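Participant: I need the structure of the sequence given here:
(one chain, ligands or ions: 3)
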Amino acid sequence: RICLGIETSCDETAAAVVVSDPAAQPGQGRPLGTIRAHLVLSQIDEHQGFGGVVPEIAARAHIDHLDRLVAATLDEAKLGLGDLDAIAVTSGPGLIGGVMVGLMTAKGLALGAGVPLLGINHLEAHALTARLTHGVAFPFLLLLVSGGHCLIAEVTGLGQYRRLGATIDDAVGEAFDKTARLLGLGYPGGPAVEAAARDGDPARFAFPRPMIGRPDCDFSFSGLKTAVRQEAERIRVLSRQDVADLAASFQAAVSDSVADRVGRAAEAFVASHGRGHALVVAGGVAANTALRTRLGDVATRRGLHLVAPPVRLCTDNGAMIAWAGLEHLAAGGDLSADDGLALIPRARWPLDPHAEQIVAGGR
Ligand code: ATP
Ligand code: MG
Ligand code: FE
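Facilitator: Ligands and ions are numbered 1, 2, ... in the order given. Next up is the predicted model:
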């Protein structure tokens, strides 16, 4: 089946067409579908001067570009609207203005094409990408590390997410972005910090390794961010080498902390599901090579194997949305498929339905 995916929840305007492969079986290490077209328009220039994403500017940029981007995507796939079996769109969580633009556009397209509209949870789409690219079977252990989220979950089926841990303050991507701004590396921060760290000494600064050794699987990055700031203020005028060393030392601290937390979660996961399953890393920070390498070691040591989607599918894109749509379509659709035009945008939408209560309970 063929699905068009639309993503506008942050600062990427993205669309893609994905075709599911009915013969492909999960668990064989092979893709479950093919990406027929994949376009991402990044708004880096629009936001650069502000050191971060400005929601209002993002929403307007989506309005300016989305219809032409969708047309170009269908062109590239050599398909018309009439060839689609469904349209999938991010309906949350994210910046509400952007989500609204994507959702309204998708509703119009779905109505015009007469196909079901599927409202997709952006986090679920990140989580399921490894099934599209590597045919990962359930259950798997998920590490979702992105600009707005940092969590570990046990995934036992479509829609079956049990949260094992999450950040108690900043998301990892947010920590990368703030550190980048502090070091004058600009926006987006993750790739800039990674590039700077390549020439740096990760052992020059002994930054804290937050949460290491704690019995839970939670994360914390705000203390680490503060430690980097204090060190930078102490040096005052940063040389290129100082910036590189700070970036490398920060990245090493993040990797150590994440590796420890994931190791603990993997232990619990293997205790209930046994060895041989996948550790899936998803979200924009999964593009980080240092982190991927560390996670590969953690997985192997615990009897799991690391699966990381290609970098272009770790950061926001339309293919992950289209694929999540195909998964829901195969599972018989969901409420949103029955009445897609009634879908509403959601600024907040936890992957784990109980998470909201956990937060309310004083986490
Ligand atoms: P969410 O998915 O939580 O709604 P988002 O969609 O904004 O947030 P993504 O697009 O998935 O987040 O990821 C963007 C984040 O990934 C940014 O914080 C960016 O700095 C970070 N990132 C991207 N590439 C790298 C990298 N190579 N190293 C570290 N971080 C990176
Ligand atoms: Mg982004
Ligand atoms: Fe994202």
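
Participant: alpha carbons only for contacts and neighbour counts from here, please
Facilitator: Noted.

Participant: pretty sure V89 is touching A319, no?
Facilitator: No. In this structure V89 lies outside contact range of A319 using Cα atoms under 8 Å: 10.5 Å.

Participant: ok, the residue minimising distance to the centre of the chain - contacts?
Facilitator: Nearest to the geometric centre of the chain sits G283, at 2.2 Å (Cα atoms, centre = their mean). By Cα atoms under 8 Å, 6 or more residues apart in numbering, the contact list for G283 reads H126, A127, L144, V145, S146, G147, C314, T315, D316.

Participant: and if we set it to 7 Å?
Facilitator: Residues near G283 by Cα atoms under 7 Å, 6 or more residues apart in numbering: H126, L144, V145, S146, C314, T315.

Participant: distance-wise, check the fourth one relative to G135.
Facilitator: Put plainly, it is S146. 22 Å (Cα to Cα, to the nearest Å).

Participant: does the helix or strand encompassing L279 reach ligand 1?
Facilitator: Element membership for L279, per DSSP states H and E: strand 278-282. No. Applying Cα under 6 Å from any ligand atom, one finds strand 278-282 out of contact with ligand 1, separated by at least 7.8 Å.

Participant: quick one: mean pLDDT over that strand.
Facilitator: What strand 278-282 shows for mean pLDDT is 98.

Participant: what packs against the helix or strand following it?
Facilitator: Remark: after strand 278-282, the chain's next helix or strand is helix 289-301, criterion DSSP H and E. Packing partners of helix 289-301 (3 or more Cα pairs under 7 Å, 6 or more residues apart in numbering; DSSP states H and E): helix 240-273, strand 305-307.

Participant: quick one: the longest one to strand 278-282, angle?
Facilitator: What it means is helix 240-273. Here helix 240-273 runs at an angle of 140 degrees relative to strand 278-282 (axes from the mean of the first three to the mean of the last three Cα atoms, to 10 degrees).

Participant: show me the shaky parts of the protein.
Facilitator: Scanning the chain for pLDDT under 70 picks out the ranges 333-339, 354-363.

Participant: return the residues of it in contact with ligand 1.
Facilitator: 10, 94, 146-149, 173-174, 176-177, 188-191, 194, 283-285, 287-288, 315-316.

Participant: among the residues you listed, which ones are in strands?
Facilitator: Under the assignment DSSP state E, the residues of the chain next to ligand 1 contribute nothing to strands.

Participant: now the buried members of those residues.
Facilitator: Buried by 16 or more other Cα atoms under 10 Å: 10, 94, 146-149, 173-174, 176-177, 188-191, 194, 283-285, 287-288, 315-316, out of those.

Participant: so where do the strands sit in the stretch 1-150 of the chain?
Facilitator: For the stretch 1-150 of the chain, the strands defined by DSSP state E, counting those that start in this stretch cover 2-7, 12-20, 33-42, 86-92, 117-121, 140-145, 150-157.

Participant: residue of the stretch 201-350 of the chain nearest ligand 1, please.
Facilitator: G284 (3.2 Å; Cα to the nearest ligand atom).

Participant: what about G165, which SS state?
Facilitator: strand (DSSP: H, G, I helix; E, B strand; the rest coil).

Participant: quick check: A24 touching L132?
Facilitator: No. If you go by Cα atoms under 7 Å, A24 and L132 don't touch, sitting 10.2 Å apart.

Participant: tell me, how many neighbours does the nearest residue to D245 once chain neighbours are set aside end up with?
Facilitator: Nearest residue to D245 in three dimensions, chain neighbours excluded: G200, at 4.1 Å (Cα to Cα, 6 or more residues apart in numbering). Neighbours of G200 under the rule other Cα atoms under 10 Å: 20.

Participant: ok, the one 5 residues further on next?
Facilitator: With neighbours defined by other Cα under 10 Å, the count for F205 comes to 18.

Participant: how much space separates the residue lying closest to it once chain neighbours are set aside from D201?
Facilitator: Nearest residue to F205 in three dimensions, chain neighbours excluded: S249, at 5.7 Å (Cα to Cα, 6+ apart). S249 is 7 Å from D201, where distance means Cα to Cα.

Participant: quick one, which of the two is more surrounded?
Facilitator: Remark: of S249 and D201, S249 carries more neighbours, 23 against 17, as counted by other Cα under 10 Å.

Participant: give the contact list for the more buried one.
Facilitator: By Cα under 7 Å, 6+ apart, the neighbours of S249 are D201, P202, A203, R204, F205, F207.

Participant: quick one: classify the fifth one as helix, strand or coil.
Facilitator: In three-state terms, and counting by three-state DSSP, F205 is coil.

Participant: how near is it to D242?
Facilitator: To D242, F205 is 10 Å away according to Cα to Cα.

Participant: repeat for the last one
Facilitator: Taking Cα to Cα as the measure, F207 falls 14 Å from D242.

Participant: again with the fourth one
Facilitator: Applying Cα to Cα, the value for R204 to D242 is 9 Å.

Participant: so the closest residue to Y161 other than its chain neighbours bridges to which residues?
Facilitator: Spatial nearest neighbour of Y161, excluding adjacent residues (Cα to Cα, 6+ apart): V155 at 4.7 Å. Applying DSSP bridges to V155 yields these beta-bridge partners: F140, Y161.

Participant: one step back: so which of the residues of the chain next to ligand 1 belong to helices?
Facilitator: G173, E174, F176, D177, G189, G190, P191, E194 (DSSP state H).
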